[in-house]
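Enquirer: mind looking at a prediction? Sequence and model below.
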Amino acid sequence: MSFFSDRLVAWQRSSGRHGLPWQNTRDPYRVWLSEIMLQQTQVKTVLGYYARFLEVFPSVDALAHASVDEVMPLWSGLGYYSRARNLHRAAQMVVAQFNGQFPSDPDLLVQLPGVGRSTAHAIAAFCFGVQRSIFDANVQRVMARYLGFEEDLASASAIKTLWAKAEALVPKQDGVNAMPAYTQGLMDLGATVCTSKRAHCGACPVAGDCQARLKQLTHVLPRKTRKLKRSSSTWYWLVLCRDQHHQCDSQSSIALPQLALHKRPDKGIWAQLYAFPTFEDEAALLLAWQNLGGQAGGLDWQPGFRHVLTHKDLNLVPVVAQLPSQAAPSVQMVGHGDMPLGHLEWVDVDQLIQGRWALPAPLLAWLKHSTFADTDKMC
DNA sequence: AACGCGGGGAC
DNA sequence: GTCCCAGCGTT
């Protein structure tokens, strides 16, 4: 029990986390999915998404044969949506290039889109006992403190150096038995004991030779100079365009209200998700509205609301628009900054509310809580 | 090396 | 409010 890894493995088995749904399995598909969802995302948030995803796509084969439009709604609200697109592409790669079986070699795993070096090591360690180290923020903190590593982790060379030291600490023997517990132990220690704000050294299995504790540096390490810069808030105007052809009146049979969506561009915020036509200023909105044949007074400005992102605040203003009867239901619309809009998709409000389309979380939340979602009030 | 990318939680 | 979190891809 003298080695770091021995102590950590024993601690994980006695005091670590064991009941999480992606634990107690060596199914690479399930482990991989959990690792991707957990990137920059907390356990509590992931739980629901993970269960729903596996219910719809229980295997890598099922995921590979789906369309990306079936995958994205299951990610709606989770953030970092490129993860979902990479997940889908990676599933197709596993089927096409690895015969449906995840490889155990981290050098091959890292070729999958969305799988970086740390995630590749996690999959290899959990599923195949490969003796390589993960290196997420938890491990960086644990290692910087345990080793008394004082270099600035904003530097790439410092990261490289510390990662190499982490690799040197992995269990030397019986990887298949030890690596899953060891890897989980690193994460658990960082999440529950050696936490960012405070190190609970009394509960730590390796406090005895922790250099940060011995030098009273736990509150200083890890050093990381990079500061988060928040840019100023931005405004978006969102057009909620009703379909005239489905408007309710006393003569028509029951028709479902529909709204126009368009697919966001490949890059930038909400990339490739579906959103209401979005404009960065009122002039662009009005120009597009004019191009559509809209009339003055056909727009109803709703109260705006704020949505906070990591790097900036969004001020979102919904504008309800009544499309003129002569306009085609599908129209090429220009005026989204310098980005041409594609054809609009007309979608039942029901389907939006039920999460069948991949809307950004704030748009879906607003729709659900607005009177606009109430069919009666549309007539 | 710096930056963009969502959302939620802790304090 | 600020900072953090099972990071990765792009420039």
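Expert: Yep, that arrived.
Enquirer: up against DNA strand B, what does the stretch 101-250 of chain A have?
Expert: Selection of the stretch 101-250 of chain A residues close to DNA strand B by C-beta under 7 Å from any atom of the strand yields A:154-157, A:197, A:226, A:229, A:231. Bear in mind the C-beta positions are built from the backbone N, C-alpha and C, glycine included.
Enquirer: what residues does the stretch 151-300 of chain A have near DNA strand C?
Expert: So the stretch 151-300 of chain A meets DNA strand C at A:184, A:187-188, A:190-191, A:196, A:224, A:227-228, A:230 (C-beta under 7 Å from any atom of the strand).
Enquirer: keep only those of those that are in helices.
Expert: A:184, A:187-188 (DSSP state H).
Enquirer: dump those residues into JSON lines; add pLDDT as well.
Expert: JSON lines is the format used below for these (pLDDT from 0 to 100):
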{"residue": "A:184", "pLDDT": "96"}
{"residue": "A:187", "pLDDT": "95"}
{"residue": "A:188", "pLDDT": "96"}
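Enquirer: out of those residues, who's nearest DNA strand C?
Expert: Nearest to DNA strand C out of those is residue A:187 (C-beta to the nearest atom of the strand; 3.8 Å).
Enquirer: and the closest residue to the closest one other than its chain neighbours, which of the three is it?
Expert: For residue A:187, ignoring the flanking residues on the chain, the nearest one in space by C-beta to C-beta, 6 or more residues apart in numbering is residue A:138 at 5.4 Å. The local conformation at residue A:138, judged by DSSP: H, G, I helix; E, B strand; the rest coil, is helix.
Enquirer: how about the stretch 1-150 of chain A: which residue is closest to DNA strand C?
Expert: Closest point on the stretch 1-150 of chain A to DNA strand C, by C-beta to the nearest atom of the strand, is residue A:116, at 2.4 Å.
Enquirer: circling back to that earlier point, please verify my assumption that the residue nearest to residue A:187 contacts residue A:185.
Expert: No - assessed by C-beta atoms under 8 Å, residue A:138 is found out of contact with residue A:185, at 10.5 Å.
Enquirer: between these two, who's got more neighbours?
Expert: residue A:185 (25 against 19; other C-beta atoms under 10 Å).
Enquirer: tell me who's in contact with that one.
Expert: The contact partners of residue A:185, taken as C-beta atoms under 8 Å, 6 or more residues apart in numbering, are A:8-9, A:11-12, A:16.
Enquirer: with adjacent residues omitted, what lies nearest to it?
Expert: residue A:12 (3.3 Å).
Enquirer: that neighbour touches residue A:190, doesn't it?
Expert: No - the pair residue A:12 / residue A:190 is not scored as a contact, 11.9 Å apart, by C-beta under 8 Å.
Enquirer: ok, longest helix in chain A?
Expert: helix A:82-97.
Enquirer: what packs against that helix?
Expert: helix A:28-37, helix A:60-64, helix A:68-71 (3 or more C-beta pairs under 8 Å, 6 or more residues apart in numbering; DSSP states H and E).
Enquirer: and residue A:12, that's in a strand?
Expert: No - assignment of residue A:12 by three-state DSSP gives helix, placing it outside any strand.
Enquirer: which pLDDT value goes with it?
Expert: If you check residue A:12, the pLDDT there is 96.
Enquirer: comparing residue A:12 and residue A:190, which residue is more hemmed in?
Expert: residue A:12 (23 against 20).
Enquirer: kindly export the helix or strand hosting residue A:165 (C-alpha atoms) in CSV.
Expert: Counting by DSSP states H and E, the element that carries residue A:165 is helix A:156-168. C-alpha atoms of helix A:156-168 as CSV (Å, rounded to 0.1, in the frame of the first residue of the first chain):
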residue,chain,number,x,y,z
ALA,A,156,1.1,23.9,-23.2
SER,A,157,4.6,22.7,-22.2
ALA,A,158,3.5,22.6,-18.5
ILE,A,159,0.5,20.5,-19.4
LYS,A,160,2.7,18.2,-21.4
THR,A,161,5.2,17.8,-18.5
LEU,A,162,2.5,17.2,-15.9
TRP,A,163,0.7,14.7,-18.1
ALA,A,164,3.9,12.7,-18.5
LYS,A,165,4.2,12.6,-14.7
ALA,A,166,0.6,11.4,-14.4
GLU,A,167,1.3,8.6,-16.9
ALA,A,168,4.2,7.5,-14.7
